[in-house]
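Q: Kindly return the folded structure for what I paste below:
(chains A, B, C and D)
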Protein chains: 2
Amino acid sequence: MPHHLVTIKDIAKILKISVSTVSRALRDTYDVNRETKEKVLAVAAELKYKPNFNATGLARGSTHNIGIILPFIANYYFSTVITGIQEVAHAKGYNIILFVTNDSPERELSIIKNLSFSSFDGLLVSICSDSAEDNHFQQLIEDEMPIVFFDRVPKNIDASKVMQDDYNGAFEAVEHLIQNNFTKIAHIAGPKGLTFTEKRLQGYLDALKKHEIPVNEKWIIFSGFSQECGEADTSRLLACEERPNAIFAVNDRKAIGAMLALKKQNIEIGKDFGVIGFTNDPVSTIISPTLTTMAEPAYDIGSISCELLIKQITKKKYFHNEDVVLTCKLISRESTMRGK
Amino acid sequence: MPHHLVTIKDIAKILKISVSTVSRALRDTYDVNRETKEKVLAVAAELKYKPNFNATGLARGSTHNIGIILPFIANYYFSTVITGIQEVAHAKGYNIILFVTNDSPERELSIIKNLSFSSFDGLLVSICSDSAEDNHFQQLIEDEMPIVFFDRVPKNIDASKVMQDDYNGAFEAVEHLIQNNFTKIAHIAGPKGLTFTEKRLQGYLDALKKHEIPVNEKWIIFSGFSQECGEADTSRLLACEERPNAIFAVNDRKAIGAMLALKKQNIEIGKDFGVIGFTNDPVSTIISPTLTTMAEPAYDIGSISCELLIKQITKKKYFHNEDVVLTCKLISRESTMRGK
DNA sequence: GTGAAAGCGCTAACAC
DNA sequence: GTGTTAGCGCTTTCAC
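A: As a prediction, the model looks like this:
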């Protein structure tokens, strides 16, 4: 029976029972006769019955759809997060629907505004860089949409958040540099205003403080997250009157950019100049010298966010917001080998 | 009016008109009074009315959902393809729902089997390596599910397909090697059975043939797509009695693996040994020496596939399958600089 | 140009 | 344990 899609009505007709019995049998509701149930299951299998999600969604007011809103997917971190999300969503029978903001606040806004509430059981979101639009998310939350933020989380919103330990990761990264004799440490940061950028900055500042190293404002540069930005930032740094001898980059891509800039000036990385990144993008093992970095648990960020969201969806009323902070792990490689 | 989501009924009640008029007004159906329409639009905007996709889907039998089924998302090629898909889907008002097979035929099968027909207007799919399960896709097609295959396309299925020009790309890649004095060329291929792997192999063989270079069967290795596979394949190659002096890798990740293996043996890449990849993964500019490669139009593969699918969804009856082949582009870098 | 009503496929009271 | 029925929100004949 192709084309005319088979519905529970068809099954009911064949078995000469009512649709509600079929419905119950299909869903493991216990007040149904074992025999009837088996028959239903058999016919359903034979006819290749597939439930119509629109109908169940409509009738039950729940869709088993999870929306993911994030800035990009074509980079190691985010694509790995999605892989993690996808894994638990699949296991629990949820579909994931992707919305990519391109890190544009307008796009983000338009996505949220057009979001059909009734089409999602919950939302997983990583906000974009200049998302001044906290209030749109606030609105969503007030309307009781289950929502979990990950990685790029908003500052002033009370919601569940899953992130890596950006502060301590940064702190350790900088300390690692210091322990390897690099003490003139610059920081090429991300854009201002993002929580995790600020936490990494704070970790950097506090590590310097702990080791009584004065902060040089000129050695802190805010810009984008791209490799190109890392390269440009580093060129600026190298043009400083007083040059740093190490860079803590907010992520690996910027660290890679930094290394490229350093190489162009024939500065020997790992010996004359230390570089440490953040993420543990596979590229960090491929570049030469290999890049020391703080590994982020990207996959876990995804899977845990998704679990938390599903918990929130299922518990709803009794759910309390949770903040999950996952630790990072220093991966020591050649780019920070003992300075001279 | 938060929480109780606003429906067309609410709008109708406020305006004291019928729901059908509201419905028509909202959808630009022309047989509705201008004034009425404007009023409806105004109230809808004020109330922040969002259509319930489940309801529209149920009523109209179409969902504006596109399913994407692919092996992975956490790599450059696929995540870029998705970015392309996402861009046109968004522009045309379609949502994309992600299914990741992890390159597992069982997972792929279970996804297809559980696919609720009524939940998708169409499917974009890149099959997994050992997808012997052509017939499940065949079934889908017979049931008139619009479907477009991209990149990893099945051999024996009559459907629209979008891919890069794997044959000519491979041919040119190998010729490039030859022109640069590398004539003992090995090929580290992907798994057998995948169309594009075979096309690249054929391009390799034909290029050798054209230049009257005999084929050495030992220099053709089939394995997985990962960097690790590339490394292992290369080690095997280097252990051959007669060593090749160049490698054409089925993709950049394997090429990178090859380079790593070569470096371990202190073989000078670009001079003593040529390496060329396929994809133009950004990592190819970061490794040293930089990697020559055939650039694939990943983003376009995505956007064109999606356009084709939407065309198929909207035209349906009058639609004829199309095969789109996009050209690749040689990006010459250091890893194939003139051999000695 | 607009309204009434049926129906998309399914679930969930409520009877029995 | 099973059937009947109403209804989820929307679209779409069919009247008027």
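Q: Tell me which residue lies farthest from the centre of chain A.
A: What lies farthest from the middle of chain A is residue A:16; by CA atoms, centre = their mean that is 50.0 Å.
Q: quick one, phi/psi of that one?
A: Main-chain torsions, residue A:16, degrees, to the nearest 10: phi 60, psi 40.
Q: repeat for residue A:195
A: Dihedral pair for residue A:195: phi -50, psi -50, per degrees, to the nearest 10.
Q: In contact with it, which residues?
A: Contacts for residue A:195 (CB atoms under 8 Å, 6 or more residues apart in numbering or on different chains) come out as A:152, A:153, A:154, A:155, A:163, A:166. For glycine as for every other residue, the C-beta is placed from the backbone atoms N, C-alpha and C.
Q: The last one: how many residues sit nearby?
A: When neighbours are defined as other CB atoms under 10 Å in any protein chain shown, residue A:166 has 25 of them.
Q: Please tabulate the contacts of residue A:195 in CSV, including the columns distance to chain B, pLDDT and secondary structure.
A: Formatted as CSV, these follow (distance: CB to the nearest CB, whole Å; pLDDT from 0 to 100; DSSP: H, G, I helix; E, B strand; the rest coil):
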residue, distance to chain B, pLDDT, secondary structure
A:152, 18, 94, coil
A:153, 22, 93, coil
A:154, 20, 90, coil
A:155, 23, 86, coil
A:163, 19, 96, strand
A:166, 22, 97, helix
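Q: Please indicate which of those are buried?
A: The neighbour count (16 or more other CB atoms under 10 Å in any protein chain shown) marks A:152, A:153, A:154, A:163, A:166 as buried among the contacts of residue A:195.
Q: List the residues that contact the third one.
A: For residue A:154, the contacting residues are A:127, A:131, A:134, A:137, A:195, by CB under 8 Å, 6+ apart.
Q: beta partners of the nearest residue to residue A:322 once chain neighbours are set aside?
A: Computed as CB to CB, 6 or more residues apart in numbering or on different chains, the closest residue to residue A:322 that is not its neighbour in sequence is residue A:160, at 5.0 Å. With DSSP bridges applied, residue A:160 shows beta-bridge pairing to residue A:148.
Q: related to what we said a few turns ago, out of the contacts of residue A:195, which is nearest to DNA strand D?
A: Nearest to DNA strand D, judged by CB to the nearest atom of the strand, of these is residue A:154 at 28.7 Å.
Q: Residue A:124: helix or strand, and which one exactly?
A: Following DSSP states H and E, one finds residue A:124 within strand A:122-125.
Q: List the buried residues in the helix or strand just after that strand.
A: As assigned by DSSP H and E, the chain's next helix or strand after strand A:122-125 is helix A:134-142. Neighbour counts over helix A:134-142 (16+ other CB under 10 Å) mark A:136, A:137, A:140, A:141 as buried.
Q: got a list of what the last one touches?
A: The contact partners of residue A:141, taken as CB under 8 Å, 6+ apart, are A:147, A:157, A:158, A:159.
Q: at 7 Å instead, please
A: Neighbouring residues of residue A:141 by CB atoms under 7 Å, 6 or more residues apart in numbering or on different chains: A:147, A:157, A:159.
Q: end to end, how far does stretch A:218-225 reach?
A: Start to finish, the residues bounding stretch A:218-225 are 19 Å apart (CA to CA, to the nearest Å).
Q: Report the separation between residue A:36 and DNA strand C.
A: Noted for residue A:36: a distance of 14 Å to DNA strand C, by CB to the nearest atom of the strand, to the nearest Å.
Q: and that residue, helix, strand or coil?
A: helix (DSSP: H, G, I helix; E, B strand; the rest coil).
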